[in-house]
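Colleague: got a predicted model here, sequence first, then my questions.
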Amino acid sequence: MDAATFRWVLVVIAVVLVAGIYLYGTHQSRLRKRSAIDSFAREEIDSAFIEDEQLREELDNLNQVLSENESLENLDEIQINPAMDKESTPYALPDPEIYIPAWLARKDEGSVVSHLLRHADFRLITGEEAASAVKHVGLEANAEGFLEHRIEGSVTFQIASLTAPGHFLEIEQLDFCTLGFNCFIDLDDCENPIPAYEAMLEKIDELVRLLNVKVYKSTQDLLTISDVTSIRNTLR
């Protein structure tokens, strides 16, 4: 074999080796990709199987709960936490006590007209809020500390605090607070109840706007237009 032929043989062998290496690498890459796809598919199947097992377990638990409550006629009666019903919960606090001065409480129902101003949730009114509202409405404190509204020197209605001791002598103090206002007319001492009641309603409207409170009857029920009409007819 001459030199030229030998060189061609080497070239052919080199080409075959390169082609073989390339084809082998391509084949290995395809095998790895197929293996990865198979592995991913198995993971997906395994995950679905796990979720299915979890779902089956949840259904078994639900069936157990339902079987334990077969005696209940209505499924709505199933209690999640039977020991924590409304009657036994320690979080419900009683409403605070509304203070009414003893002399006012002793009066007959027909001799006094009384409307209470307070927050629906019994939130306290601070001294600053109360003092600002009182000044804006034009009320003054008498010797006993009750707020008064006057027309031409005559008292139309008074206001007592819904928090003991019932007066506003310390309204300027930083620690003063009250549950609200008890606006009342003592009919035994009132010569003109109709204009006095209209004046009280006018000032109540101003206080409601200033303090964002609600108006209640002495029975703690919300005051309605029908109630106001009935009181007007009674005072005529």
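Modeller: Cool, got the structure. Note that the coordinates shown come from a computational prediction; the quantities given were computed from them, not determined experimentally.
Colleague: now do the strands in this structure.
Modeller: Counting by DSSP state E, the chain has these strands, from start to end: 112-118, 125-126, 140-141, 147-151, 154-161, 177-178, 180-186, 214-217.
Colleague: list the contacts of Pro165.
Modeller: Applying C-beta atoms under 8 Å, 6 or more residues apart in numbering to Pro165 gives the contacts Tyr99. In this view, the C-beta of every residue, glycine as well, is placed from N, C-alpha and C.
Colleague: can you add mean pLDDT and distance to Ile171 and give the strands of the chain back as a markdown table?
Modeller: What follows is these, written out as a markdown table (pLDDT from 0 to 100; distance: least, C-beta to C-beta, whole Å):
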| stretch | mean pLDDT | distance to Ile171 |
| --- | --- | --- |
| strand 112-118 | 94 | 15 |
| strand 125-126 | 94 | 10 |
| strand 140-141 | 90 | 8 |
| strand 147-151 | 91 | 9 |
| strand 154-161 | 93 | 9 |
| strand 177-178 | 94 | 8 |
| strand 180-186 | 95 | 11 |
| strand 214-217 | 94 | 21 |
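Colleague: from those strands, which stretch is densest packed?
Modeller: Burial among the strands of the chain, expressed as mean neighbours by mean count of other C-beta atoms under 10 Å, is greatest for strand 180-186, which shows a mean of 23.
Colleague: so it versus strand 154-161, what angle?
Modeller: Using axes from the mean of the first three to the mean of the last three C-alpha atoms, to 10 degrees, the inter-axis angle of strand 180-186 relative to strand 154-161 is 150 degrees.
Colleague: can you list the strands that strand 180-186 pairs with?
Modeller: Each strand paired with strand 180-186, and its direction, by DSSP bridges: strand 112-118 (antiparallel), strand 154-161 (antiparallel).
Colleague: want to throw the strands of the chain into a markdown table with distance to Ile225?
Modeller: Converted to a markdown table, the strands of the chain look like this (distance: least, C-beta to C-beta, whole Å):
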| stretch | distance to Ile225 |
| --- | --- |
| strand 112-118 | 13 |
| strand 125-126 | 25 |
| strand 140-141 | 30 |
| strand 147-151 | 22 |
| strand 154-161 | 19 |
| strand 177-178 | 27 |
| strand 180-186 | 17 |
| strand 214-217 | 11 |
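Colleague: got CSV for the strands paired with strand 180-186, with distance to His27 too?
Modeller: Shown next, in CSV, are the strands paired with strand 180-186 (distance: least, C-beta to C-beta, whole Å):
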stretch, distance to His27
strand 112-118, 88
strand 154-161, 95
